[in-house]
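Trainee: predicted model and sequence below, questions to follow.
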Amino acid sequence: MERAAVLHHDHLVLGRYRPLRPLGSGGSGSVWLARDERAAREVALKVVPREGKAGSRAEREVEAAARLRHPRCLRALDLHRDDQHVYVAYEYVPGRTLREALRAGDLDDAAAVEAGAQILEALAHAHSKGVVHRDVKPANVMLEEGDGVSVRLLDFGLARVEEADTLTAVGDVPGTLAYIAPERLDGEPATGAADVWAVGVMLWEALAGWHPFAAVSPVETARRIGEGAGPLAGQRPDLPRALCSTVDRLLTADAGRRAAPRRAAEALRTDFAERERRPRPAVSRRALADRAVHAACAALVAGGATALLPFFPRGWPFLLGAIAGLTALRSPVAGLAFALAVPVLPLGNLSLGLALAYAALALAWFALFFRRPGAGLLVAAGPLLGPLGLLAAAPAVALSVRDPIRRAAIAGLSVLAAAAAAGGRQAALPLGAGDSGSGLGVAGSESALGATRAVAGFLVAHPALPVGAAVAAAAAAALPYARARGLWGAAGWGACLLAGTLLAPALAGSAAVPALGTTVGVWLATAVLIRSKAATPR
């Protein structure tokens, strides 16, 4: 496999394009931000080897793109060749891919629906010109920077153009497996309906928070595609039924029954607008329960911190906890901010450096959960589960959180929060980590760096805590994948969590973790996972 071409800023490519910086690279080539000195504009310059499939694919992509004139299809501006490479200049659209937005958890329902509608409009235009994309997936959709949602459909390199000879060998299935329609796995040729299926998968993934066909092996992925996705309403009962039905119709196994892309785009917008129009005099039980849980967590964080850290007068922990809870009921964002801010003064009374270090952590946490403030308060589960010996159940607390990074952060910090609460009570540390001893040794420290080093030293001296936090974080990140595998997936997840929680700290040199409480905690977490799967109709 040839290495991606390396371009230099002081060298004009083809006497025309000045490389500015790399935008990405892969096995078949690289993409650079470059300035077209002749046209005085910035372009995205794709560079691929001329020999082999990569060069043919690039030329096929330009052939397909040349037929398209639509604001949602990325324009190919020029095609060039030299002895070694093929160069394709595209319009440059600053932004990030839909895959990056999904991984970050930054795509709300309205943005996901609008992005899906725009992709369908781009496909409707392409299909009308005789072009079938054949590789529609989040990595091939660019979200333009700026207010609102504006997408570009990328990479027509696998596109099939009518009347064109195919570059794919008989029996090959081009595209990315997780987004390939079932009829293509059966050997049928790609049609526009297969592109529509891929958009349905992306919408289901964006709205449900996990991929309907995610699996470890390609064989298992193909099997799940054949089984079909479960009804979206089972994952998101709060969405309009009509919207869920529209997404489900995009994923019907019968390609002939899938909606035409333009009609599907109109239906998505109309169905989602129904949610904005319909009266909302009553709040669902689920929403009320979620808000109540988040308010209780805010009260626990604020009240617990003030009770454990000597600073406020007697009775203030209850008062501040009540204020935090009521604030979270009214505004989850304000509740998160208030709960995170309360410990700053008590910590400052103990150590200015520790207060500064905590403030930096709190700001980072607030930034991470600004769009999901209720989830940011779930770390309060750690101090609740710790005294009961059930800290192994912490990963299940993050089950409803879509983003794996946020799930892992909640579970990991829950373990450390339980340790902090135990230290404040001068009780034994969780996970068999022993006693807190003389504490962190930061009293009077005015340096945030010094306080951070002291905390790091404390964790090194009690390895069960960071190791246990890492195990909990990994388990939380894997929750959707275990749930997607049904009962056996949940059982395997629970077994791995139990083994990791019991064995990992011991391997790190800590004392034995209490087996009974850990087993019960893992059992509870696994039961929650199984129940969440059972509540999802297929």
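Mentor: Arrived safely, thanks for sending.

Trainee: ok, Phe458 - how many residues close by?
Mentor: 21 (other Cβ atoms under 10 Å). Backbone N, C-alpha and C define where each C-beta goes, glycine included.

Trainee: sec struct for the residue nearest the centre of the chain, please.
Mentor: For the chain, the residue nearest the mean C-alpha position is Arg103 (2.8 Å; Cα atoms, centre = their mean). Under the three-state scheme (DSSP: H, G, I helix; E, B strand; the rest coil), Arg103 adopts helix.

Trainee: what's the answer for Glu121, then?
Mentor: Following three-state DSSP, we place Glu121 in the helix state.

Trainee: would you check that it makes contact with Ala265?
Mentor: Yes. Using Cβ atoms under 8 Å, Glu121 makes contact with Ala265 at a distance of 5.1 Å.

Trainee: and the residue nearest to the centre of the chain, how far is that from Arg372?
Mentor: Between Arg103 and Arg372 the computed distance is 14 Å (Cβ to Cβ, to the nearest Å).

Trainee: ok, back up a step: which one of Glu121 and Ala265 has more residues nearby?
Mentor: Neighbours were tallied for Glu121 and for Ala265 using other Cβ under 10 Å; the higher tally belongs to Ala265 (24 against 21).

Trainee: what are the phi and psi angles of the more buried one?
Mentor: In terms of degrees, to the nearest 10, the main-chain angles of Ala265 are phi -60, psi -40.

Trainee: could we number from 19 for the rest of this?
Mentor: Right, with 19 as the first residue, what we last looked at is Ala283.

Trainee: hang on, it packs against Ala133?
Mentor: No. The pair Ala283 / Ala133 is not scored as a contact, 10.8 Å apart, by Cβ under 8 Å.

Trainee: which elements pack onto the host helix or strand of Ser48?
Mentor: Here Ser48 sits within strand 47-54, counting by DSSP states H and E. Counting contacts by 3 or more Cβ pairs under 8 Å, 6 or more residues apart in numbering; DSSP states H and E, strand 47-54 packs against strand 35-44, strand 59-67, strand 103-109.

Trainee: only alpha carbons, please: show the shortest one as PDB.
Mentor: Only the C-alpha atoms of strand 103-109 are listed here, as PDB (Å, rounded to 0.1, in the frame of the first residue of the first chain):
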ATOM      1  CA  HIS A 103      -0.900  10.900  -8.600                       C
ATOM      2  CA  VAL A 104      -4.400  12.000  -9.400                       C
ATOM      3  CA  TYR A 105      -5.400  15.300  -7.900                       C
ATOM      4  CA  VAL A 106      -9.000  16.400  -7.400                       C
ATOM      5  CA  ALA A 107      -9.800  19.900  -6.300                       C
ATOM      6  CA  TYR A 108     -13.100  20.400  -4.400                       C
ATOM      7  CA  GLU A 109     -14.800  23.400  -2.900                       C
END
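
Trainee: what's the mean pLDDT across the next helix or strand after it?
Mentor: Helices and strands here follow DSSP H and E; after strand 103-109, the next one along the chain is strand 113-115. For strand 113-115, mean pLDDT is 90.

Trainee: give me the contact list for strand 113-115.
Mentor: Applying Cβ atoms under 8 Å, 6 or more residues apart in numbering, the contact partners of strand 113-115 are 156-163.

Trainee: Provide a ChimeraX selection command restricted to the buried entries of those.
Mentor: Only the buried entries of these go into this ChimeraX selection, using 16 or more other Cβ atoms under 10 Å:
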select :156,158,159,160,161
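
Trainee: which of the contacts of strand 113-115 lies closest to Ala414?
Mentor: Closest to Ala414 out of the contacts of strand 113-115 is Pro156 (27.5 Å), distances taken as Cβ to Cβ.

Trainee: do I have it right that Trp228 meets Ala500?
Mentor: No. The criterion here is Cβ under 8 Å, and Trp228 misses it with Ala500 at 10.7 Å.

Trainee: give me the more crowded residue out of those two.
Mentor: Remark: of Trp228 and Ala500, Ala500 carries more neighbours, 22 against 15, as counted by other Cβ under 10 Å.

Trainee: so which elements touch the helix or strand hosting that one?
Mentor: Assigned by DSSP H and E, Ala500 belongs to helix 497-502. Where contact means 3+ Cβ pairs under 8 Å, 6+ apart, helix 497-502 is packed against helix 504-525, helix 533-552.

Trainee: sort out which residues of stretch 28-48 are buried, please.
Mentor: Going by neighbour count (16+ other Cβ under 10 Å), the buried part of stretch 28-48 is 31, 34-38, 46-48.

Trainee: Leu347: which of these is nearest?
Mentor: Of all the buried residues of stretch 28-48, Leu38 has the smallest distance to Leu347: 49.7 Å, by Cβ to Cβ.

Trainee: I'd say that closest one and Arg53 touch.
Mentor: Yes. With contact defined as Cβ under 8 Å, Leu38 reaches Arg53; the gap is 6.2 Å.
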